[in-house]
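Participant: attaching a predicted model along with its sequence, questions to come.
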Amino acid sequence: METGISHLSIEQKALSVLENYEGSNNYILKIKKQCDTNKKHIPTRAQCEYVLSFEKVVPKVAKKWVPIDSYFSKKLVEDNLFIKEPDQIYVEKILVEKDKSYHIWGKVFSAETIHDFWIPKAAVIKDYKENVVEVDYSKYEKRPPLPHQKEAIEKLLKNDKFILADDMGLGKTTSAVIASLESESKKVLIICPASLKINWEREIRNYTDRPVYICEGKKYEDSDFIITNYDILKNFHDPKDKENSLILKTNFDLVIIDEAHYVSNAQAQRTKIIMDLTKDIKRLWLLTGTPMTSRPMNYYNILKLIDSPVSQNWMAYAIRYCNGYQFRVGNKKVWNVTGASNLEELRERTSRQILRRLKTEVLDLPEKIMTPVYLRLKSRLYEGLMGEYYDWYNNRQEESKSLSVQFTKLMKVRQVIAEEKIATTIELAENIIEQGKKVIIFSNFTDPLKKIHEHFGKKSVYLDGSTSKPARQDAVDRFQESDKIQVFCGNMKAAGVGLTLTAAEAVIMNDLSFVPAEHSQAEDRAYRYGQKNNVLVFYPLFENTIEGVIYDILSHKKQIIGTVMGDDGTSADIVEQILNEINNK
């Protein structure tokens, strides 16, 4: 019997099913009625395939009007020549649910007769439910979040999948850490650039004593909070070998992805890995300071990560929001999706899952925002030089009593630190530039400054002690006036005084001076008359070097980190204190 059936044509098989069909799929019942009424009627091949594929699927009864997305509403008008745009459809039943679409038994307008039609899943606006949230902030009174951070904390807690897209400097890390604690997640994975791993660890330790583990290389250990960087994700998760995925085996309740614009390239390995390992994660929070509307295709992947309705159909997104179109290259059709269109609509459609505030909109910020970026140095050269210094200090007691000699002996050590930090400084600057802001980079040493300038090339200007007066003014004018010049590379002493560089909203100190007033003056090249925005000052710091000592002493001189580099006390006193602390480590 089975053999006989297998040799029947698809039409014969479908007719056999229809003859005995007793299900509740109205479309199949409609085809059955046509066949029963006219014995010579043969269903189309598509109808036959439908019958054979879905005969055993039980439709879901809905009996309600469902809101639909404005983009698909417009498409319905174009495709069906409707006079007006529908804002909802009536769903009597969902006959069939496929990966990206529903087969509906219903109608578009109330006056219509009920019929079947297909609609993309992305067209249907799902009921939006937020988690109930109540946070007792008294637990965090030692380091209380600011009012704008409380709003971010509560937004994250209310939404299992969310993008916190606040401007840089608004404390997204603090908000995410407190929210993760309030979410009662037992296992939290944090994915971030390598240069931010220690910052995350320090911020977590500010609020909890729960265990934290930082992944390095191929090392991975179970912990409440696991911090890893993008570049080593492949060591812990292979989409082709999920059974041995250390990340999946950990069963994370929450994944936080910092600088989420790093996954904007769909072809990048890290994007594919993150897409794969997060698809079954219940809670996923993305942090990025990059504006959400500059180039919409850059945000398709991160919108897809949070299951945004606008990301359900790549082609629809490309055409609607990227002004996308196809053109021929030889025998191939290629998409151009570099444009931007209907941005207000995109902002409206994604607003439930994104919180974006600019510094200019937030009233509870200091005018200068200090952000230390903690790093760990692995350098045999540094260790060797420090060993030589301590040998000299301990064995040449008379000579080592001189502060000026000690200072000179440590110069080479400070140069090594400055050189080692170039990559981090460049990464920070690139991130700032990507957000449409200009940046000033200061260094005490010529070689690191020149290397940074060479990296940015025509996008930067350079000024040190050898720069002539006309060239100095030209560098300032170009930075202030030209949109093409995004980076100002300046020597701390030569460029740290007297210049107005208010085109910048950010300053990076590649390395530290022993003289706090020099930092304060350098910061104020951006923060002075004519500056309309808050100024962000980044201090990349190797905390396991003498630099950690220098920064801690300087910051201890002020009660508020916002004025950390003020000239409190004489420079000589502070230099002596720094050197004493270094020598007694």
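Facilitator: Noted; the coordinates are in hand.
Participant: what's the weakest-modelled helix or strand in this structure?
Facilitator: Sorting the helices and strands of the chain by mean pLDDT, DSSP states H and E puts helix 2-6 at the bottom, at a mean of 47.
Participant: now stretch 344-356: mean pLDDT?
Facilitator: On average, the pLDDT along stretch 344-356 is 87.
Participant: so which elements touch the one helix or strand residue 505 maps to?
Facilitator: Following DSSP states H and E, one finds residue 505 within strand 504-509. Strand 504-509 sits against helix 422-434, strand 438-443, helix 516-523, strand 535-542, with contacts defined as 3 or more C-beta pairs under 8 Å, 6 or more residues apart in numbering; DSSP states H and E. C-beta: built from backbone N, CA, C; applies to glycine.
Participant: following the least confident helix or strand of the chain, which helix or strand comes up?
Facilitator: Heading C-terminal from helix 2-6, the first helix or strand you meet, by DSSP H and E, is helix 10-20.
Participant: buried ones in the very next helix or strand once past that following helix?
Facilitator: Once helix 10-20 ends, the next helix or strand along the chain (criterion: DSSP H and E) is helix 26-37. Neighbour counts over helix 26-37 (16 or more other C-beta atoms under 10 Å) mark 26-28, 31-32, 35 as buried.
Participant: what's the answer for stretch 405-421, then?
Facilitator: Within stretch 405-421, the residues that qualify as buried are 406, 409-410, 413-421, counting by 16+ other C-beta under 10 Å.
Participant: I'd like these written out as a markdown table, with distance to residue 263 added.
Facilitator: Compiled in a markdown table, these are given as follows (distance: C-beta to C-beta, whole Å):
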| residue | distance to residue 263 |
| --- | --- |
| 406 | 47 |
| 409 | 46 |
| 410 | 42 |
| 413 | 38 |
| 414 | 37 |
| 415 | 36 |
| 416 | 34 |
| 417 | 32 |
| 418 | 32 |
| 419 | 31 |
| 420 | 28 |
| 421 | 26 |
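Participant: which helices and strands sit right next to the lengthiest strand in the chain?
Facilitator: Secondary structure of the chain read by DSSP state E shows that its longest strand is strand 88-97. For strand 88-97, the packing partners by 3+ C-beta pairs under 8 Å, 6+ apart come out as helix 26-37, strand 60-67, strand 101-107.
Participant: hmm, 10 Å instead?
Facilitator: helix 26-37, helix 45-54, strand 60-67, helix 70-80, strand 101-107, strand 115-120 (3 or more C-beta pairs under 10 Å, 6 or more residues apart in numbering; DSSP states H and E).
Participant: got the angle for the strand holding residue 505 vs strand 438-443?
Facilitator: 20 degrees (axes from the mean of the first three to the mean of the last three C-alpha atoms, to 10 degrees).
Participant: quick check: mean pLDDT of strand 504-509?
Facilitator: Across strand 504-509, pLDDT averages out at 94.
Participant: do stretch 551-569 as well
Facilitator: Mean per-residue pLDDT for stretch 551-569: 48.
Participant: can you give me the buried ones in stretch 125-145?
Facilitator: Residues of stretch 125-145 classed as buried by neighbour count (16+ other C-beta under 10 Å): 125, 135, 140, 145.
Participant: could you list the low-confidence segments of the stretch 151-300 of the chain?
Facilitator: Along the stretch 151-300 of the chain, the model assigns pLDDT under 70 to residues 291-294.
Participant: cutoff 90 now
Facilitator: Along the stretch 151-300 of the chain, segments meeting pLDDT under 90 span 167-170, 194-196, 199, 239-240, 242-243, 261-262, 264-268, 279-280, 289-299.
Participant: those strands in it, which residues are they?
Facilitator: Per DSSP state E, counting those that start in this stretch, the stretch 151-300 of the chain carries strands over the ranges 161-164, 188-192, 212-214, 225-229, 254-257, 283-287.
Participant: buried stuff in the last one?
Facilitator: In terms of neighbour count (16+ other C-beta under 10 Å), strand 283-287 has its buried residues at 283-287.
Participant: buried ones in the longest strand of the chain, by neighbour count?
Facilitator: Within strand 88-97, the residues that count as buried by 16+ other C-beta under 10 Å are 88-96.
Participant: likewise for stretch 260-278?
Facilitator: Buried, per 16+ other C-beta under 10 Å, within stretch 260-278: 260-264, 270-271, 273-274, 276-278.
Participant: gap between the two ends of that stretch?
Facilitator: Terminal residues of stretch 260-278 lie 13 Å apart, using C-alpha to C-alpha, to the nearest Å.
Participant: right, so of the strands of the stretch 151-300 of the chain, which gets closest to residue 245?
Facilitator: Of all the strands of the stretch 151-300 of the chain, strand 188-192 sits nearest to residue 245, with 11.9 Å by C-beta to C-beta.
Participant: report the distance from that closest one to the chain centre.
Facilitator: Distance, stretch centre to chain centre, for strand 188-192: 12 Å (C-alpha atoms, centre = their mean, to the nearest Å).
Participant: same question for stretch 236-249.
Facilitator: From the chain centre to the centre of stretch 236-249 is a distance of 23 Å (C-alpha atoms, centre = their mean).
Participant: so what's residue 373 closest to, chain neighbours aside?
Facilitator: Once flanking residues are discounted, residue 373 sits nearest to residue 540: 4.5 Å by C-beta to C-beta, 6 or more residues apart in numbering.
Participant: just the buried residues of stretch 520-528, please?
Facilitator: Buried, per 16+ other C-beta under 10 Å, within stretch 520-528: 520-527.
Participant: actually stretch 232-246, not the one I wrote
Facilitator: Neighbour-count burial for stretch 232-246, counted by 16+ other C-beta under 10 Å, picks out 232-233, 235-238, 245-246.
Participant: now swap in stretch 295-306 and tell me
Facilitator: Residues 296-306 are the ones in stretch 295-306 that count as buried (16+ other C-beta under 10 Å).
Participant: on that earlier part again, return the member of the buried residues of strand 88-97 nearest to residue 459.
Facilitator: residue 88 (49.9 Å).
Participant: next up, the contacts around that closest one.
Facilitator: 64-68, 73, 108-110, 124-125 (C-beta atoms under 10 Å, 6 or more residues apart in numbering).
Participant: which of those residues count as buried?
Facilitator: Buried among the contacts of residue 88 (16+ other C-beta under 10 Å): 66, 68, 73, 108, 124-125.
Participant: sorry, back to before: for residue 90, see how far away the residue nearest to residue 373 is.
Facilitator: 59 Å (C-beta to C-beta, to the nearest Å).
Participant: can you pull the contacts of residue 534?
Facilitator: Contact analysis of residue 534 by C-beta under 10 Å, 6+ apart lists 167, 169-170, 358-360, 362, 365-369, 505, 527.
Participant: meant to ask about residue 285
Facilitator: Residues near residue 285 by C-beta under 10 Å, 6+ apart: 155-157, 159-164, 172, 175-176, 179-180, 183, 188, 190, 254-258, 260, 306.
Participant: buried set for the longest helix along the chain?
Facilitator: Ranked by residue count and defined by DSSP state H, the top helix of the chain is helix 380-395. For helix 380-395, burial by neighbour count (16+ other C-beta under 10 Å) applies to 382, 385-386, 389, 393.
Participant: that'll do, ta.
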